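Trainee: fold the following for me, if possible:
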Amino acid sequence: MNITTDTIQSLSEQAAAALRSGDDAGAESALMKLLKIDKRHLAALLLMGELKARTGDDRAANSFYKAALNMVNVGAAVSGDLRPRLKQAEEFLAGAHGRFEAYLLRKLQETGLAGNDTPIPVRNAIDLLMGRREIFHQKPSVFYYPGMPQREFYERSEFPWLADMEAAIPAMQEELQGVIAQTRQFSPYVQGQPNRPRPNNPLLDDPNWGAYYFWKDGVEVTENSVNCPKTMAALEAAPIPVIQERSPMALYSVLEPGTHIAPHYGMLNTRLICHIPLILPPDCALRVGGETRPWKAGESLIFDDSFEHEAWNRSDQRRVILLFEIWRPEISEEERQALTTIFEAINEYQKPVAI
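Mentor: Here you go, the predicted structure:
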């Protein structure tokens with residue numbers, strides 16, 4: 001053995017003996033010296049966690065116990081005598097987590113910030129802190145615009161023009177019934193394009209995820225829009241991008257019974273997607289990032305589709321929403337003009353030139 005190994009062994013034995021005898025100060029002194037020599041010493045981390053737990057310092061015990069378990073997770077060797085201490089560490093962390101959550105909720109209740117009245121970002125932050133929610137980030141598949149808020153959902157109250165659109169829902173529903181009476185099967189939402197690889201999507205060319213376009217790739221689909229004048233009038237209130245060969249984009253999005261749209265990312269983070277429910281059976285929902293929301297009758301859902309998202313219809317009835325895109329409210333008019341130029345330049349690049 002070299003001097004360092006001898007010293008580590010001696011300090012480890014001193015700490016264990018001090019813990020057994022109730023000499024907390026002696027145990028802490030020996031363990032601190034040991035961890036100064038080897039900050040990843042598994043036994044020392046576990047013993048320090050045990051010591052801090054015994055003296056009522058939950059936060060310190062958490063830190064040492066978590067450090068020990070992280071060592072095990074990355075492959076640290078565990079001798080037989082340490083396994084009971086590892087189990088003790090796991091049990092302590094579970095109990096401490098519950099004690100902290102109860103304390104935090106009590107503090108929020110005292111200040112009137114608990115329950116459904118708690119602002120949504122605060123509730124989400126608590127869920128992240130408690131490990132009940134996963135952190136997601138925007139990952140658009142084509143174009144990323146820096147500096148946008150990392151928000152999965154926006155609230156209806158943030159868009160005053162939505163009130164008039166929602167007031168028009170009964171009229172839009174009446175028009176939809178007229179379309180359904182004439183349409184046996186909707187066109188697939190996901191379709192392959194000439195001269196492009198076919199999408200790796202389970203619903204490729206599948207009408208179970210159907211579409212009925214009013215605007216597609218910036219062009220009005222007049223054979224459809226003529227059937228729904230009130231829907232077209234309602235869409236005029238929305239700040240829909242106007243980009244050659246890209247937008248406006250507005251359609252009925254149809255999910256047939258039992259259909260699941262698998263997790264995926266949208267192309268851009270410069271827009272938000274709006275859903276207005278028109279036919280809404282039970283057991284239908286949308287997950288965006290770490291939050292799941294059901295559609296509610298008469299209420300729009302607004303979300304950033306550059307987060308991972310999925311949707312499902314687990315009912316035995318068809319679900320139909322009016323889907324359209326809008327500019328993100330954080331993007332200024334000057335930025336919108338610049339982005340429009342960028343997107344139109346992308347479209348024009350290497351386009352065949354007529355001779």
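Trainee: low-confidence ranges, the chain, go.
Mentor: Within the chain, the stretches with pLDDT under 70 are 1-3, 113-117, 195, 350, 352-355.
Trainee: ranges for the strands of it?
Mentor: For the chain, applying DSSP state E gives strands covering 153-154, 187-188, 209-216, 219-220, 250-255, 260-264, 271-279, 284-288, 291-294, 301-303, 309-313, 319-327.
Trainee: okay, now the sheet partners of the fourth one, with direction.
Mentor: Which is strand 219-220. strand 209-216 (antiparallel) (DSSP bridges).
Trainee: how far does the partner strand sit from its chain's centre?
Mentor: Here strand 209-216 is found 26 Å from its chain centre; the criterion is CA atoms, centre = their mean, to the nearest Å.
Trainee: next: stretch 20-38.
Mentor: On CA atoms, centre = their mean, the centre of stretch 20-38 falls 44 Å from the chain's centre.
Trainee: please apply the same query to stretch 40-47.
Mentor: For stretch 40-47 - counting by CA atoms, centre = their mean - the centre lies 36 Å from the chain centre.
Trainee: mind putting the strands of the chain into JSON lines with distance to L82 and mean neighbour count?
Mentor: To be clear about C-beta, it is placed using only N, CA and C from the backbone, and glycine gets the same treatment. Formatted as JSON lines, those follow (distance: least, CB to CB, whole Å; neighbours: other CB atoms under 10 Å):
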{"stretch": "strand 153-154", "distance to L82": "45", "mean neighbour count": "18"}
{"stretch": "strand 187-188", "distance to L82": "58", "mean neighbour count": "16"}
{"stretch": "strand 209-216", "distance to L82": "53", "mean neighbour count": "20"}
{"stretch": "strand 219-220", "distance to L82": "68", "mean neighbour count": "14"}
{"stretch": "strand 250-255", "distance to L82": "52", "mean neighbour count": "24"}
{"stretch": "strand 260-264", "distance to L82": "39", "mean neighbour count": "14"}
{"stretch": "strand 271-279", "distance to L82": "51", "mean neighbour count": "22"}
{"stretch": "strand 284-288", "distance to L82": "40", "mean neighbour count": "19"}
{"stretch": "strand 291-294", "distance to L82": "40", "mean neighbour count": "15"}
{"stretch": "strand 301-303", "distance to L82": "47", "mean neighbour count": "21"}
{"stretch": "strand 309-313", "distance to L82": "42", "mean neighbour count": "20"}
{"stretch": "strand 319-327", "distance to L82": "54", "mean neighbour count": "23"}
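Trainee: tell me the contacts of F143?
Mentor: The contact partners of F143, by CB atoms under 8 Å, 6 or more residues apart in numbering, come to 267-270, 342-343.
Trainee: just the buried ones from those residues?
Mentor: 268-270, 343 (16 or more other CB atoms under 10 Å).
Trainee: so which of the strands of the chain gets nearest I240?
Mentor: strand 319-327 (5.8 Å; CB to CB).
Trainee: shouldn't Y154 be in contact with S300?
Mentor: No - using CB atoms under 8 Å, Y154 is not in contact with S300, being 9.6 Å away.
Trainee: okay, S157 and L301: tell me how far apart.
Mentor: 13 Å (CB to CB, to the nearest Å).
Trainee: please name the nearest non-neighbouring residue to the residue most central in space within the chain.
Mentor: Taking CA atoms, centre = their mean, the centroid of the chain lies closest to G289, which sits 1.3 Å from it. Once flanking residues are discounted, G289 sits nearest to F136: 3.4 Å by CB to CB, 6 or more residues apart in numbering.
Trainee: count the residues that sit near the one you found.
Mentor: Using other CB atoms under 10 Å, F136 has 15 neighbouring residues.
Trainee: quick one: contacts for it?
Mentor: Contacts of F136 (CB under 8 Å, 6+ apart): 150, 152, 289-290, 307-308.
Trainee: distance of it from Y65?
Mentor: Taken as CB to CB, the span from F136 to Y65 is 28 Å.
Trainee: again, but for A15
Mentor: In terms of CB to CB, A15 sits 16 Å off from Y65.
Trainee: returning to that earlier point: got JSON lines for the strands of the chain, with distance to P119 too?
Mentor: Formatted as JSON lines, these follow (distance: least, CB to CB, whole Å):
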{"stretch": "strand 153-154", "distance to P119": "13"}
{"stretch": "strand 187-188", "distance to P119": "40"}
{"stretch": "strand 209-216", "distance to P119": "34"}
{"stretch": "strand 219-220", "distance to P119": "40"}
{"stretch": "strand 250-255", "distance to P119": "30"}
{"stretch": "strand 260-264", "distance to P119": "27"}
{"stretch": "strand 271-279", "distance to P119": "20"}
{"stretch": "strand 284-288", "distance to P119": "18"}
{"stretch": "strand 291-294", "distance to P119": "14"}
{"stretch": "strand 301-303", "distance to P119": "17"}
{"stretch": "strand 309-313", "distance to P119": "22"}
{"stretch": "strand 319-327", "distance to P119": "23"}
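Trainee: ok, which of these comes nearest A89?
Mentor: It is, among the strands of the chain and with distance given as CB to CB, strand 291-294, at 31.8 Å.
Trainee: what pairs with the closest one, and is each one parallel or antiparallel?
Mentor: strand 284-288 (antiparallel).
Trainee: got a list of contacts for the partner strand?
Mentor: Counting by CB under 8 Å, 6+ apart, 152-153, 255, 263, 275, 292-295, 301, 303-305, 307-315, 319 sit against strand 284-288.
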